[in-house]
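1. Next comes the sequence, and after it the predicted model I'd like to discuss.
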Amino acid sequence: MNVYAPILVLGIIAAAFAVLSVGIAPFTGPKRYNRAKLDSYECGIEPTPQPAGGGRVSVKYFITAMLFIVFDIEIIFLYPFAVAFDQLGWFGLIEMVIFIGTVFVAYAYVWRRGGLEWD
Amino acid sequence: MTALTGAVLAQNALSAADLPQIGAPAIEYGTLSPVLAITATALIGVLVEAGAPRRARFGLQSAVAIVGILAALAATVWVSIHDLGKVSFEGTDLLARGKTVAEGALVVDGPTVFLWGLLLVFALVSMLMFAERGLEGGLSGFTGQAAVAPGGAGEREATMAGIEHTEIFPLAMFALLGMMVFPASNDLLTMFVALEVLSLPLYLLCGLARRRRLLSQEAAVKYFLLGAFSSAFFLYGIALVYGYSGSFTLAAIDTAVSNQIAGQNLLLAGMALISVGLLFKVSAVPFQAWTPDVYQGAPTAVTAFMAAGTKVAAFGALLRVFFVGFGGAQWDWRPLMMIVAVLTMVVGAVVLIRQTDVKRMLAYSAIAHSGFILTAFAGAYEGSAGTATITSVSAVMFYLAVYGFSTIGAFAIATLVRDGGGEVGHLARWAGLGRESPVLAGVFALFMLSFAGIPLTAGFMGKWTVFSAAWSGYAWPLVVAGVLTSAVAAYFYVRVIVLMFFADPEGDGPTVAVPSVMTSAVIAVTAAVTIVLGIVPGPVLDLAQNAGTFVR
Amino acid sequence: MSALVVAVLLPGLAGICLALARAVVSARGAAAAGAAVSVLSLICVVASWSARDGAYAGEVDHPWSTALGLHWHLGVDGISLPLVVMTILLCVLVCWSLAADVTSTTDDHEGAGVVLVALVLVIETASLGVFSALDLVLFFIFFELALIPMWFVIARWGDPGGGRLAATRFLMFTVTGSALMLVGFVVIAVTAGTLQIPTLADLPDPLTGTVPLLGGVAIAVGLAVKTPLWPLHIWLPDAHSKAPTVGSVLLAGVFLKLGTYGLLRVFVSVVPEPAARLAPYLGALAVAGIIASCLACLREHDLKRLIAYSSVGHMGFVVLAISTMSEVGVLAAVFASVAHGLITGLLFFNAGWLKQRYGSATFDALGRGLYTRVPRLAVVLLFAATASLGLPGLAGFWGEMLALRSTYEPSPALDRTLAWTLLTLAALGVVLTTAYFVRVVRRVLQGAATPRDDDIDLTRTEAGISAVLAVAIVLLGVAPGLLTGVIEPAVGAIVQVAP
């Protein structure tokens, strides 16, 4: 049981922080309401209810998100490689170059097909 | 309390010296060359998409895909000659050949190579259907602009401008990659990754039909939602089995299962959940609900590819997981699989009788045939040394070959029977096809007879092998049920033939489009194989039989 | 390649060539070619029979698929030779009748007449294959191969009203039956480890127990559909009566024999012990079929349906003979099969000619007094009817007589009391058969003539066909030894022969 005690402590601290910061916000924060402020997430996407005629979320957001994932995955694999690159030697280096090359294929596709242009 | 915590933390603190030595893994590039070839083909396809000018893309993409598949086929032949040394494992003298590769993540053995060969041939034939542009006035059977609203101005503009989605080829290659890795996986995690790699491109491809866009999109969404659901089941099952056995590797799971290292509940739950994921992919009852909708909505070329390829991959994986990983618990899963097999055959055959749409009909036929294959699987006959009696593994593999060719051919013919609105789905409109085009109707009749299992077609030999394997495994109720349901299903197939040859056409009757050489080649090849496998099954059957059992 | 293989495959290959060349071949020419090919095939059979050494003439045995244990194994012995010869004879006659008269059985569709000939030839190959196959799966393959073309013949060239339904019913019954038979074969193959019929027939310890019994039941039921055995006969009257003349002749003359031959070759000989346990049931059903069919015939108003029902009765005699599992029984079964093929072939040819003249084969349509209106045709019909009811001196007599004789002295498989009961009832069937044929004679042949414009007596072809069959029937009637001499040496391949 004792082994798990630190985890329990951490959990309590995390919960306390969450409750405290949400609970204290109404008392300490400034209150200036405007249209943008009332939007959910304040991120610029029109949330529900959608305007008549089927308000669409611009596909650009999704492209950006997917592109993020491509590089995210690259990082996830690069990190362990970085830890053990000296032990893996040439094999590791060549494999990583191939890997980055394949990631670049996706990047090239997005770039050439206009996924990086915002307008 | 704090002191104690500190002590524990100190204990757990790691220094760099404590880290395990990470050696460079050994990768057998030669043995993996078929898989690598397909990966490279898919990546080159994406690069072509990025770099080539729009006009050249379609031709280039189809050429890349076909050349890549041919290269992979050559590599598969090479692997089958060089890397399939005989192996023996303890306690049995059954024939097995091959080895585990990529640090135990994959296993390249007889069944794997056989299934690779099948998948590549099916993919090759399907790519010819993908590349067909003779039926839609110079455009492919896929939508020009998937992102625009169906039936809207954007769609018309795209058609006028001759825009085509050429991504279909790389997508199909990625799906093929997943299909090849799926039955070759030696551990459950690799298998899950392969499952996703094969599924996701197919979900997309399903939504790309040029005609009846809404139906196609509905199919894609349905397939995606249900497929994601079943993947989740599969993953959960993997987690539970890992909890039971402490390993993802099939051989380690086998050891754990045979030694009964822990309570059986965890194992049973895990097996059940894994089987849900796999049975979904082979569209076994009660996980078959998606099949008719998806088969109907998807572009016909995709349906053909999916029907043949997914079935091969999923049955390969099903056999490997249950024969290798859960072989020690077969008395737990076999009764259940027998029930599933009977249900699948009965539901497939009975519902088949009421179908009025060609593609839905082929979908229910696919379900029924899954049931037939499941009989051999549930028979779980491993063979005995020294006799030539057909084993479950080779029976399933042979049936997959037989079924795949017939089904691709049938779908290829379905693309040719058209009217102003695209393919004619309703069977009543197929009346009188025998007069309109006797050759085409004759070949379709051949496929129907093969599905029905009439001798001298491949279907008969397939049925004979699966039933004989099931009987050898003492699953005689399955044999009886299988034979009776195939008689029921035969009624329907016969009705289709009657309709084509003896019924009077409705109105003007269907028109038969004249395809380019590609679809003609597909139909000719599949028909020839259906006859040849029915008359001289020997070589292919021997190949399946010589593949031996799974290497573990 | 042995002459037998040529004999079996030649008609089918010729049929395929004709079908492919239907644009340039006339229907008449195709039929003539079909007859010629069949004659060639007959010559090959005779050649391989006269050159026989060993149990099976013209035996070939090549491994076909080692994984399945499947062999390309053909050969004819005394059991199959009579049926082979009869099949070829009937096919020659059918082609002859098609050559002489292609308009009645074809429609305006181009090349249809040629296709019909091609289908007949494929059916011939399939039937010859069944009679000479010595491998269970090969037997099954030929068995099924015969179905599809016959189904086409009935559906495409049969009666416009109901032909298609009859064809579908025919196909569904027989496909289900063969599916069951296939199960039986799987069982036998897996239990015994071989598919070769001679090996199975000579197993040192015959298959006994529950599993072979199950297999035996499956095989018996499958073959009983084809034979047909009461109550599985219900597909038959429609199929026979709605089929075109050539279809009816081949159905009755050849197809039913596939069932009876199968009972001998792949049931009694392959699974003797289960067959002995099932024999009483087979015998009882056979006799039930005899009585039921006779009663049906007494109430029947359509000549073709009547002949079809009478076939059920005659097949009942054959199955009764088989169920005795004695030497005489086997002899009787083969003899009666051949006799029935010739006689019923002639009857169906007759009925077909009448139907062609009067548009229907119902008694009302035929009218009365055919003796006066079409005397020669009427005489042929009378001859066929008397042969069918078993008049001594004609082939039908020996078939029924031997069948009853075998029931009098059955093997131990059939209980003596039961056998004699069956014998009595079957004898009653003989009487009833006479009764309904007399009814036909009185109703159609005799009576005050009701002349019609289409009263045309036998054409030259019709007379020729009748003559060939009549000669064969009389020959077998006065010299049954011609046939029994061939059959008897081979009886040992089917049942244990008492030393």
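-> Ah, there it is.
2. so where's the chain uncertain?
-> Using chain A here. In the predicted model, chain A carries pLDDT under 70 at residues A:1, A:36-57, A:119.
3. ah, I was thinking of chain B
-> Ranges of chain B meeting pLDDT under 70: B:1-19, B:89-93, B:384-388, B:509.
4. Just the buried residues of the lengthiest helix in it, please?
-> Of all segments of type helix in chain B, defined using DSSP state H, the longest is helix B:213-245. Of all the residues in helix B:213-245, those buried under the rule 16 or more other Cβ atoms under 10 Å in any protein chain shown are B:213, B:215-224, B:226-227, B:230-231, B:233-238, B:240-242, B:244-245. Heads up, the C-betas are built off the backbone N, CA and C, glycines and all.
5. what's the next secondary structure element after it?
-> For helix B:213-245, the succeeding helix or strand toward the C-terminus, using DSSP states H and E, is helix B:250-259.
6. For that next one, give me every contacting residue.
-> Here helix B:250-259 makes contact (Cβ atoms under 8 Å, 6 or more residues apart in numbering or on different chains) with B:186-188, B:241, B:244-247, B:262, B:267, B:320-321, B:324-329, B:552.
7. Ok, stretch B:330-350 next?
-> Residues contacting stretch B:330-350 (Cβ under 8 Å, 6+ apart): B:264, B:268, B:271-272, B:275, B:279, B:284-286, B:288, B:322, B:326, B:364-372, B:374-375, B:377-378, B:380, B:475, B:477-478, B:481-482, B:485-486, B:488-489, B:492.
8. roughly how far out does that stretch sit from the chain middle?
-> The chain centroid and the centroid of stretch B:330-350 are separated by 19 Å under Cα atoms, centre = their mean, to the nearest Å.
9. so where does the most centrally placed residue in chain B fall, helix or strand?
-> Geometric centre of chain B, nearest residue: residue B:310, 1.9 Å, by Cα atoms, centre = their mean. Following DSSP H and E, one finds residue B:310 within helix B:300-319.
10. Just the buried residues of the helix or strand just after that helix, please?
-> Using DSSP H and E, the helix or strand that directly follows helix B:300-319 along the chain is helix B:330-353. Under the neighbour-count criterion of 16+ other Cβ under 10 Å, helix B:330-353 has B:330, B:333-334, B:337-338, B:340-349, B:351-352 buried.
11. now swap in stretch C:213-232 and tell me
-> In stretch C:213-232, counting by 16+ other Cβ under 10 Å, buried: C:213-230, C:232.
12. pretty sure residue C:203 is touching residue C:196, no?
-> No: in this structure, residue C:203 is not within contact of residue C:196 by Cβ atoms under 8 Å, at 10.6 Å.
13. Which of these two has more residues huddled nearby?
-> Between residue C:203 and residue C:196, residue C:196 has the larger neighbour count (other Cβ atoms under 10 Å in any protein chain shown), namely 19 against 14.
14. so the more buried one bridges to which residues?
-> Counting by DSSP bridges, residue C:196 is bridged to residue C:135.
15. Which pLDDT value goes with it?
-> Listed pLDDT for residue C:196 reads 83.
16. Same check on the one 10 residues further on?
-> Residue C:206 is assigned 75 on the pLDDT scale.
17. Give me the buried entries from the contacts of helix B:250-259.
-> B:186-188, B:241, B:244-245, B:247, B:267, B:320-321, B:324-329, B:552.
18. quick one: the one helix or strand residue A:88 maps to to chain centroid distance?
-> In this structure, residue A:88 sits in helix A:59-112 according to DSSP H and E. How far helix A:59-112 lies from its chain's middle: 16 Å, per Cα atoms, centre = their mean.
19. Can it be said to contact chain B?
-> Yes: using Cβ under 8 Å from any Cβ of the partner chain, helix A:59-112 reaches chain B at A:59, A:84, A:87-89, A:91-92, A:102, A:105-106, A:108-109, A:111-112.
20. In CSV, list those along with neighbour count.
-> Below are those laid out as CSV (neighbours: other Cβ atoms under 10 Å in any protein chain shown):
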residue, neighbour count
A:59, 10
A:84, 16
A:87, 14
A:88, 19
A:89, 12
A:91, 14
A:92, 17
A:102, 14
A:105, 19
A:106, 20
A:108, 15
A:109, 21
A:111, 14
A:112, 15
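21. out of those, which one sits closest to residue B:539?
-> Nearest to residue B:539, judged by Cβ to Cβ, of the residues of helix A:59-112 next to chain B is residue A:102 at 38.3 Å.
22. so the closest one sits right up against residue B:46, yeah?
-> No: counting by Cβ under 8 Å, residue A:102 stays clear of residue B:46, with 9.2 Å between them.
23. what sits in contact with each of these two?
-> By Cβ under 8 Å, 6+ apart, no residue touches both residue A:102 and residue B:46.
24. Distance check, the residue of the stretch 51-200 of chain C found nearest chain A against chain B.
-> Nearest residue of the stretch 51-200 of chain C to chain A (Cβ to the nearest Cβ) works out as residue C:67 at 41.9 Å. For residue C:67, the distance to chain B equals 4 Å [Cβ to the nearest Cβ, to the nearest Å].
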